[in-house]
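Asks: With the sequence up front, the predicted model follows.
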Amino acid sequence: MKASDLFVKALENEGVKRIFAVPGEENLDLVESLRRSSIELVLTRHEQSAAFMAATHGRLTGQPGVCMATLGPGALNLVTGAAYAHLGAMPMVLITGQKAIMTARQARFQIVDIVATMKPLTKASRQIVSAASIPTVVRDAFRVAAEERPGPVHLELPEDVAAEQVADEVDVLPVHPIDLPVAHEAAIARAAELLIQAERPLVMFGAASNRPRLQGQLADFVRRVGIPFFNTQMGKGTVAGGGIAEGRTGFWMGTAALTERDYVHEAIDRADLILAIGHDTIEKPPFIMGPDGPLVIHVGYMPATVEQVYFPHAEVVGDVGPSLTLLADRVEGRLPNAGALLPQREGILARTMSRSTESRFPLTPQRIVHDVRQVMPDDGIVALDNGMYKIWFARCYPTRTANALLLDNALATMGAGLPSAMMAALLYPRRRVLAVCGDGGFMMNSQELETAIRLKLDLVVLIIEDNAYGMIRWKQSVDQFTDWGMTFGNPDFVKYADAYGAKGRRVETAEGLAPAIEAAFAEGGVQIIAVPIDYSENTRVLVDELRNRVAATVAQPGAFT
């Protein structure tokens with residue numbers, strides 16, 4: 001067999017079902033080997049989308065997703081996706097081609113040092129120089145990608161290596177399970193003592209608490225200790241949360257979508273101890289530590305990354321789920337002040353969710369979030385692109401299932417929303433999947449509508465129209481710069497959908513959004529819904545209202561600032 005056959009055999013051994021790719025001539029041996037394999041080749045219309053889909057596969061399953069591109073320009077188009085997975089801790093394996101390394105018949109045509117390019121953006125980047133090394137290299141790539149902290153690994157397979165003949169007796173390496181160690185007993189005892197002594201404890205769930213392996217374990221911990229919790233943007237969904245009217249989880253205090261001054265910070269600022277579970281400082285800080293602030297206990301798979309904004313006073317490092325079980329064993333029934341901050345919950349959530357049913361048109365961000373929540377079932381998946389609306393979904397969208405709101409608060413790149421939603425729809429065809437994209441972010445990878453239709457996905461794409469790069473335009477206004485350079489025009493999105501063979505709708509009344517989404521899901525297939533938005537709420541709420549809140553509470557007794 002060829003080395004490319006052995007390579008594909010090694011991928012099958014790792015459980016790979018799909019590869020997302022834009023192949024080139026340097027990949028042709030590998031493509032032919034894939035044709036004869038059990039692995040599906042999913043052709044995308046841009047390498048960046050292939051990488052976003054592979055990264056989202058890793059995020060949702062915990063198993064590395066795989067993408068492929070050719071040398072030079074194709075490989076370079078994977079760079080944003082590699083950074084997306086690297087900062088977001090999503091396991092992924094990137095495969096690129098290269099010209100022959102034994103000969104140089106085309107001199108340096110299209111040759112870029114992709115191995116060096118990928119090194120700062122991946123956990124490992126290496127070139128395969130011999131067919132015999134393939135089983136070891138592939139096994140190591142998947143192991144490194146999946147182990148904590150997860151992330152991308154890059155492999156370059158030159159075309160002459162891929163074409164090498166390999167002895168049939170060369171075999172792949174067996175995959176074996178790896179159990180993570182739990183935290184040291186002394187660390188758990190120290191954390192337990194601090195919790196018992198706390199007068200106003202608060203739990204925070206960060207990005208690393210959203211690992212698929214943790215499903216159910218964190219909710220059990222909250223139930224046993226009875227401490228209220230909040231989450232970071234990427235920690236949403238770890239434990240089900242709900243608004244007051246929904247009565248879902250009586251311990252959820254909200255989401256820290258902003259670094260400071262939001263309503264949830266009323267609880268954060270009053271806490272004398274924060275148990276930070278799975279916090280990753282790659283996220284925009286949910287709060288900033290200072291000399292007069294609360295004690296912070298870091299619970300994570302990895303030791304804390306100590307920075308000016310985050311320097312915990314104690315650490316519980318190990319497999320998070322079992323470690324929290326041991327911590328709960330020590331403190332359950334021994335926390336007299338566990339619910340000290342709960343009286344603030346109703347006021348925080350009521351003000352955060354206020355004015356979410358206003359019949360203003362164009363729609364306010366609060367109304368869009370509210371209507372999406374009404375239409376999506378508990379296990380429905382909303383995949384966000386990046387824009388101003390992301391802050392509103394982070395603040396106001398109660399999550400009821402882990403990884404049901406996919407947002408990126410690490411690289412925070414535009415263009416990832418549609419490919420991420422497509423991956424979710426591929427993995428969970430029986431669940432409702434909604435992509436929410438701004439008009440700017442959607443157009444960065446809108447060509448993937450053709451891919452979604454070719455894959456026969458059931459997918460609804462909600463395009464929020466403001467004809468501008470809205471977040472930067474808002475920041476421009478907040479910083480008192482002139483409104484300039486951020487606006488653009490859009491195609492008619494209904495006609496745009498029709499051109500791809502999708503169904504397009506336009507929302508034209510405040511009451512029209514929820515029925516439009518419901519009708520789109522009922523009809524099935526790829527559906528596009530365009531809705532205009534009134535972003536004046538950005539200034540009214542996120543600037544003026546929150547500034548007034550701080551002014552009114554700055555002298556509150558016991559508050560940490």
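Replies: Ah, there it is. Residues are numbered from 1 along each chain as shown.
Asks: so where's the longest helix in the chain?
Replies: helix 47-61 (DSSP state H).
Asks: Name every strand pairing with the helix or strand just after that helix and say which way it goes.
Replies: Using DSSP states H and E, the helix or strand that follows helix 47-61 in sequence is strand 65-69. Sheet pairing for strand 65-69, assigned by DSSP bridges, gives strand 18-22 (parallel), strand 92-98 (parallel).
Asks: Nearest to A468, out of these?
Replies: Distance to A468, taken as Cβ to Cβ, is lowest for strand 18-22 among the strands paired with strand 65-69, at 30.3 Å. Backbone N, C-alpha and C define where each C-beta goes, glycine included.
Asks: CA atoms only for that closest one - export them in PDB, please.
Replies: Extracted as PDB, the C-alpha positions of strand 18-22 are listed here (Å, rounded to 0.1, in the frame of the first residue of the first chain):
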ATOM      1  CA  ARG A  18     -15.300  13.200   8.300                       C
ATOM      2  CA  ILE A  19     -12.600  15.400   6.900                       C
ATOM      3  CA  PHE A  20     -13.400  19.000   5.900                       C
ATOM      4  CA  ALA A  21     -11.300  20.100   3.000                       C
ATOM      5  CA  VAL A  22     -10.400  22.100   0.000                       C
END
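Asks: And the contacts of the very next helix or strand once past it?
Replies: Proceeding C-terminally, strand 18-22 gives way to helix 28-35 as the next helix or strand, assigned by DSSP H and E. Under the criterion Cβ atoms under 8 Å, 6 or more residues apart in numbering, residues 2-5, 7-8, 19, 23, 41, 68, 95, 97, 157, 159, 162-163 lie in contact with helix 28-35.
Asks: neighbouring strands for the following helix or strand past helix 28-35, and are they parallel or not?
Replies: Proceeding N to C from helix 28-35, the next assigned helix or strand is strand 40-43, under DSSP H and E. Neighbouring strands of strand 40-43 in its sheet, by DSSP bridges, are strand 18-22 (parallel).
Asks: tell me the angle the strand it pairs with makes with helix 47-61.
Replies: On the basis of axes from the mean of the first three to the mean of the last three Cα atoms, to 10 degrees, strand 18-22 is oriented at 160 degrees to helix 47-61.
Asks: contact partners of strand 18-22?
Replies: 11, 27, 34, 39-47, 49-51, 53-54, 57, 65-70, 74, 77, 95, 426.
Asks: now these: which count as buried?
Replies: Neighbour counting by 16 or more other Cβ atoms under 10 Å classes 11, 27, 34, 39, 42, 44-47, 49-51, 53-54, 57, 65-70, 74, 77, 95, 426 among those as buried.
Asks: which residue packs closest to V531, ignoring adjacent ones?
Replies: In this structure, V531 finds its nearest non-sequential neighbour in V507, 4.1 Å apart by Cβ to Cβ, 6 or more residues apart in numbering.
Asks: Burial check on the one you found, number of neighbours?
Replies: 23 (other Cβ atoms under 10 Å).
Asks: From A69, how far out is A21?
Replies: To A69, A21 is 7 Å away according to Cβ to Cβ, to the nearest Å.
Asks: who touches both of the two?
Replies: 27, 47, 50.
Asks: Can you name the residues that contact the second one?
Replies: Okay, so that is E47. Going by Cβ under 8 Å, 6+ apart, the list of residues near E47 reads 21-22, 67, 69, 74-75, 77-78, 81.
Asks: same question, the last one
Replies: Under the criterion of Cβ under 8 Å, 6+ apart, the contact list for A50 reads 20-22, 42, 44, 67-69, 78, 81, 419.
Asks: Same check on the first one?
Replies: Residues near N27 by Cβ under 8 Å, 6+ apart: 21, 68-70, 97, 157, 159, 162.
Asks: measure it to L426 for me?
Replies: From N27 to L426 the distance is 22 Å (Cβ to Cβ).
Asks: can you confirm A383 is in a helix?
Replies: No: counting by DSSP: H, G, I helix; E, B strand; the rest coil, A383 is not found in a helix; it is strand.
Asks: What count of nearby residues applies to it?
Replies: For A383, the count of nearby residues is 28 (other Cβ under 10 Å).
Asks: what about the closest residue to it other than its chain neighbours, which helix or strand?
Replies: Nearest residue to A383, sequence neighbours excluded (Cβ to Cβ, 6+ apart): A421, at 3.7 Å. With secondary structure defined by DSSP H and E, A421 is part of helix 417-427.
Asks: outside of that helix, which residues touch it?
Replies: Residues contacting helix 417-427 (Cβ under 8 Å, 6+ apart): 18, 44, 48-50, 52-54, 56-57, 60-61, 65, 381, 383-386, 406, 431, 433-437, 441-442, 445-446, 448-449, 451-452, 455, 457-459, 461.
Asks: Apply 6 Å and report the result again.
Replies: For helix 417-427, the external contacting residues (Cβ atoms under 6 Å, 6 or more residues apart in numbering) are 49, 52-53, 56-57, 60, 381, 383-385, 406, 433, 435, 437, 441, 445, 448, 452, 457, 459.
Asks: Let me see the contact set for I111.
Replies: K99.
Asks: Going by secondary structure, it is in what exactly?
Replies: Using DSSP H and E, I111 maps to neither a helix nor a strand.
Asks: so how far is E25 from it?
Replies: Taken as Cβ to Cβ, the span from I111 to E25 is 13 Å.
Asks: And P322, its phi and psi?
Replies: Per-residue torsions, P322: phi -60, psi -30 (degrees, to the nearest 10).
Asks: Not counting sequence-adjacent ones, nearest residue to it?
Replies: Counting by Cβ to Cβ, 6+ apart, the residue nearest P322 is V182, at 4.6 Å.
Asks: Verify the stated contact: that neighbour with V320.
Replies: No: applying Cβ atoms under 6 Å, one finds V182 not in contact with V320, separated by 9.2 Å.
Asks: of those two, who's got more company?
Replies: The neighbour comparison of V182 against V320 (other Cβ under 10 Å) goes to V320, with 26 against 19.
Asks: separation between the more buried one and S38?
Replies: The gap separating V320 from S38 is 34 Å, by Cβ to Cβ.
Asks: same check, this time on R454
Replies: 20 Å.
Asks: tell me the pLDDT at P291?
Replies: pLDDT recorded at P291 is 86.
Asks: part of a helix, is it?
Replies: No: in this structure, P291 is coil, not part of a helix, as judged by three-state DSSP.
Asks: wait, what's in contact with it?
Replies: Neighbour list for P291: empty [criterion: Cβ under 6 Å, 6+ apart].
Asks: T238 against D220, yeah?
Replies: No: shown here, T238 and D220 do not form a contact pair, counting by Cβ under 6 Å, at 11.7 Å.
Asks: where are the low-confidence patches of the stretch 401-550 of the chain?
Replies: For the stretch 401-550 of the chain, applying pLDDT under 70 flags the ranges 549-550.
Asks: Show me the helices in the stretch 451-561 of the chain, by range?
Replies: Along the stretch 451-561 of the chain, the segments classed as helices by DSSP state H, counting those that start in this stretch run 470-478, 493-500, 513-523, 536-539, 546-553.
Asks: And for this protein, the residue most distant from the center?
Replies: R105 (43.1 Å; Cα atoms, centre = their mean).
Asks: Correct me if wrong, but that one is in a helix.
Replies: No: remark: R105 does not belong to a helix; assigned using three-state DSSP, it is coil.
Asks: Now do it against L30, distance only.
Replies: In terms of Cβ to Cβ, R105 sits 20 Å off from L30.
Asks: Over to T56?
Replies: From T56 over to L30 (counting by Cβ to Cβ), the distance is 23 Å.
Asks: How about V460?
Replies: 34 Å.
Asks: These two: who's more crowded?
Replies: V460 (30 against 27).
Asks: That one and Q527 touch, don't they?
Replies: Yes: with contacts counted by Cβ under 6 Å, V460 reaches Q527, the gap being 4.6 Å.
Asks: Show me which of the contacts of A50 is closest to H370.
Replies: Nearest to H370 among the contacts of A50, with distances taken as Cβ to Cβ, is P419, at 26.4 Å.
Asks: So for the closest one, what's the nearest residue that isn't a sequence neighbour?
Replies: Nearest to P419 is F52, by Cβ to Cβ, 6+ apart, at 3.8 Å.
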